[in-house]
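**Student:** just a sequence and a predicted model for now, questions to come.
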Amino acid sequence: MMLQDQSNKEELQHRHYVLLNELQKMSRELPGKFQQRLSYDLLSALASALLDGTAFEIVKGLEEVQHLEEKSLFTQRQKVINDHKSQRHEMNKKHKELLLENQNKPHNLPLIEAQVERELDTMERRCEEEMKKRDAKIILELDQKLMDQQSHMLDFKVMQ
């Protein structure tokens, strides 16, 4: 039993050494200003964290949460887009009916066409503004999720 513990310890130490060497090689490929920030102790701690599967499990769990959140936000955005399409369709239908009703009144057509143009412009501006606000809200939500994830990783000492 004692011999097996010693063997496991040596294997773990060897894997740590291999990971540390790989991390040192990768750090040498970075620009100098980043190399200075990656001390031996930091690389060694990172190698130890890589040996512990907990860090990977936490990151994987956070990644799954992020994918679900992104999917939800995408679905919300698509709903806004579809709502806008529906509104455009209804407005076009209304405008066609209005033009048909006034087809026999040529003196009204220029006024009606101008009204139709104004309504279309107003709706397009409103839809565009609504989409910009929705996109800004999505970005803020993603930023908040990122900060939450970084906080969770710091809590679990995945990041330093």
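**Tutor:** Sure thing, it's come through.
**Student:** please count neighbours and contacts with C-alpha atoms only from this point.
**Tutor:** OK.
**Student:** these two touch, right, L38 and S27?
**Tutor:** Yes: look at L38 against S27 with C-alpha atoms under 8 Å: they come within range, at 7.2 Å.
**Student:** centre of the chain to the lowest-mean-pLDDT helix or strand in the chain, how far?
**Tutor:** Across the helices and strands of the chain, mean pLDDT, DSSP states H and E gives its lowest value to helix 32-35, namely a mean of 81. The chain centre lies 28 Å from the centre of helix 32-35; the measure is C-alpha atoms, centre = their mean, to the nearest Å.
**Student:** what are the contacting residues of that helix?
**Tutor:** 27-28 (C-alpha atoms under 8 Å, 6 or more residues apart in numbering).
**Student:** ok, now stretch 134-152?
**Tutor:** By C-alpha under 8 Å, 6+ apart, stretch 134-152 touches 62, 66, 70, 73, 77, 159.
**Student:** can you tell me the element the fifth one falls in?
**Tutor:** Secondary-structure element containing R77, defined by DSSP states H and E: helix 53-101.
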